[in-house]
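S.K.: A structural model of the following input is requested.
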Amino acid sequence: MRRLIPFLPKPPVVPVIRLSGTIGTGTRGLNDEALAPLIEKAFKLKPVAVALAINSPGGSAVQSSLIAARIRRLADEKKIPVHAFVEDVAASGGYWLSCAADDIWVDPSSLVGSIGVIFASFGFPELMARQGVERRVVTAGKSKSFADPFLPQKPEDIDRLKALQTPIHQAFIDHVKHSRGQRLSKTADLFNADIWVGQQSVDLGLADGIAHMVPKLKDLYGDKVRLLPLGRKRSLFQRLGLSVIDETLGAVEDRALWARYGL
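M.R.: Purely as a prediction, here's the structure:
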């Protein structure tokens with residue numbers, strides 16, 4: 001009926017973009033290529049605001065940066081506020097995404113933070129030696145065998161990894177400082193990859209308050225506000241179950257990231 005009577009006021013609309021899962025390339029992870037159409041669509045709907053439902057333990061720093069930059073660019077261009085609502089966890093890259101919003105709201109039990117960079121791998125040199133397996137590597141360039149899991153760890157490799165991590169960590173810090181500004185605690189060490197829970201993150205300025213999405217958006221935009229969930233479509237291969245190997249390997253990696261936060 002409302003469509004047939006154009007002069008009736010329309011309820012305010014808030015598209016909800018769900019950013020749930022690990023961040024990375026491929027069919028499983030959150031990445032800029034897959035999310036770009038959803039993000040662009042959300043801002044084209046002429047909404048009163050855009051909401052982000054975030055539940056991510058992190059992942060790729062580059063993809064985190066690309067997604068957050070796209071959201072922030074559109075928000076600034078169209079003068080549309082963005083509100084982030086954290087569910088279980090917004091850690092590492094998940095918190096990077098949260099900082100694309102104008103404000104961040106958490107549950108009392110949400111895990112927030114982990115503003116740091118990690119490189120993790122396995123080493124197998126002793127196992128290979130016991131099995132009589134010889135590793136043969138020929139390189140053009142001394143760094144080509146850098147951090148080889150089949151060779152003993154070398155001090156120079158550790159130094160090199162730390163040198164690579166430092167500018168990435170600094171980019172993360174700069175992003176958080178630019179987003180949160182004067183809200184951040186002046187006394188706490190917020191950038192050592194610690195995790196905080198609910199109200200702790202609010203007290204430190206990493207979040208703005210304790211709130212859940214529906215009541216908070218009703219409080220901001222009225223009881224008649226309409227939330228419009230936007231989700232990614234699964235690929236044909238995923239729908240037909242033809243990506244079993246990719247899904248299985250990806251699930252192992254995902255499980256390791258979530259397990260860091262007891263989830």
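S.K.: which ones are touching residue 51?
M.R.: Applying CB atoms under 8 Å, 6 or more residues apart in numbering to residue 51 gives the contacts 14-17, 82-85, 213, 217, 227. Using the backbone N, CA and C atoms, a C-beta is placed for each residue, glycine as well.
S.K.: Whichever of the residues you listed end up buried, select them in PyMOL.
M.R.: Here is the PyMOL selection string for the buried members of the contacts of residue 51, based on 16 or more other CB atoms under 10 Å:
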select buried, resi 14+15+16+17+82+83+84+85+213+217
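S.K.: TSV please, covering the contacts of residue 51 and showing pLDDT, distance to residue 205 and secondary structure.
M.R.: Shown next, in TSV, are the contacts of residue 51 (pLDDT from 0 to 100; distance: CB to CB, whole Å; DSSP: H, G, I helix; E, B strand; the rest coil):
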residue	pLDDT	distance to residue 205	secondary structure
14	96	25	strand
15	96	27	strand
16	97	25	strand
17	96	24	strand
82	98	18	strand
83	98	17	strand
84	97	14	strand
85	98	17	strand
213	96	21	helix
217	97	22	helix
227	95	27	strand
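S.K.: Give me the phi and psi for residue 196.
M.R.: phi -130, psi 160 (degrees, to the nearest 10).
S.K.: Name whatever forms a beta bridge with it.
M.R.: residue 112 (DSSP bridges).
S.K.: Isn't it up against residue 114?
M.R.: No: counting by CB atoms under 8 Å, residue 114 is not a contact partner of residue 196; they are 9.4 Å apart.
S.K.: When these two are compared, which one has more neighbours?
M.R.: A direct count of neighbours by other CB atoms under 10 Å for residue 196 and residue 114 places residue 114 higher, at 25 against 21.
S.K.: what sits against that one?
M.R.: 58, 91-92, 95, 193-195.
S.K.: Go through stretch 166-180 and flag the buried ones.
M.R.: For stretch 166-180, by 16+ other CB under 10 Å, it's 169, 171-172, 175-176, 179-180.
S.K.: Show the average pLDDT along it.
M.R.: Regarding stretch 166-180, the rounded mean pLDDT is 90.
S.K.: what about the stretch 1-150 of the chain, any weak spots by pLDDT?
M.R.: Applying pLDDT under 70 to the stretch 1-150 of the chain flags residues 1-8, 26-28, 117-150.
S.K.: Would you map the strands across it?
M.R.: Ranges of strands in the stretch 1-150 of the chain, per DSSP state E, counting those that start in this stretch, are 13-20, 50-56, 82-91, 103-106, 111-113.
S.K.: For the shortest one, which helices and strands make contact with it?
M.R.: Packing contacts for strand 111-113, counted by 3 or more CB pairs under 8 Å, 6 or more residues apart in numbering; DSSP states H and E, involve strand 82-91, helix 93-98, strand 195-197.
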